[in-house]
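# 3D model of this:
(2 chains)
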Amino acid sequence: EPEVTQTPSHQVTQMGQEVILRCVPISNHLYFYWYRQILGQKVEFLVSFYNNEISEKSEIFDDQFSVERPDGSNFTLKIRSTKLEDSAMYFCASRLAGVYNEQFFGPGTRLTVL
Amino acid sequence: DAKTTQPNSMESNEEEPVHLPCNHSTISGTDYIHWYRQLPSQGPEYVIHGLTSNVNNRMASLAIAEDRKSSTLILHRATLRDAAVYYCILRDMNTNAGKSTFGDGTTLTVKP
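Numbers count the residues shown, from 1 in each chain, chains lettered A, B, ... in the order given. Coordinates of the predicted model:
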């Protein structure tokens, strides 16, 4: 069964450093998402991406965040200057066209900012 | 986004049915009802979705009230692997982005 993959599984970085989290969505999917989950808290929506542009973003997704689909397979989330409060699990998701279609989530990247 | 209300936690015995309720009294006519679950240390996983009619798949059944103000996820025979947080999410079919807004969900504990 096709699945969403994410790398790395765990990323440790120093405050102020840039990080790039990578995702490979399912190949025929058209909509791509990033979510995050701070330890012990809810899963929070960050951004959705369709047709090579952001279709919706949350208040969390400020100028420090950016997304890119640099080729036909990867989908990346960049945090320019990490803060301590960016420490969280980051989940990538993708889905087919049709809003009723389910989102397939990756296993997540645990980001630890020291 | 229309809001959903779920019990914080529920317990079940292994191999018994589990009924997980969700209230969504402000649901609009264009909202799909989706259920996801999150097993410990994993990403969310799709379970089932519906619009108006009851739905069955290999994982579960979804019973939707006639007025659509509530729904119930039914696990027919709970296993230890079903211990997870279950989320009831409304998704507006008119919203192209189709994000999922997660609440606190129901933490299901399955006892052997």
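# ranges for the strands of chain B?
For chain B, the strands defined by DSSP state E cover B:9-13, B:18-23, B:31-38, B:45-50, B:55-56, B:61-64, B:70-75, B:84-92, B:106-111.
# please apply the same query to chain A.
For chain A, the strands defined by DSSP E occupy A:5-7, A:10-13, A:19-24, A:31-37, A:43-50, A:53-57, A:65-68, A:75-79, A:88-95, A:104-105, A:109-113.
# in JSON lines: those, plus mean pLDDT.
Compiled in JSON lines, those are given as follows (pLDDT from 0 to 100):
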{"stretch": "strand A:5-7", "mean pLDDT": "97"}
{"stretch": "strand A:10-13", "mean pLDDT": "98"}
{"stretch": "strand A:19-24", "mean pLDDT": "98"}
{"stretch": "strand A:31-37", "mean pLDDT": "97"}
{"stretch": "strand A:43-50", "mean pLDDT": "95"}
{"stretch": "strand A:53-57", "mean pLDDT": "94"}
{"stretch": "strand A:65-68", "mean pLDDT": "97"}
{"stretch": "strand A:75-79", "mean pLDDT": "98"}
{"stretch": "strand A:88-95", "mean pLDDT": "97"}
{"stretch": "strand A:104-105", "mean pLDDT": "96"}
{"stretch": "strand A:109-113", "mean pLDDT": "98"}
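# those into a markdown table, with extra columns for distance to residue B:107?
Backbone N, C-alpha and C define where each C-beta goes, glycine included. Output for these, formatted as a markdown table (distance: least, Cβ to Cβ, whole Å):
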| stretch | distance to residue B:107 |
| --- | --- |
| strand A:5-7 | 24 |
| strand A:10-13 | 25 |
| strand A:19-24 | 27 |
| strand A:31-37 | 15 |
| strand A:43-50 | 14 |
| strand A:53-57 | 28 |
| strand A:65-68 | 30 |
| strand A:75-79 | 28 |
| strand A:88-95 | 17 |
| strand A:104-105 | 18 |
| strand A:109-113 | 21 |
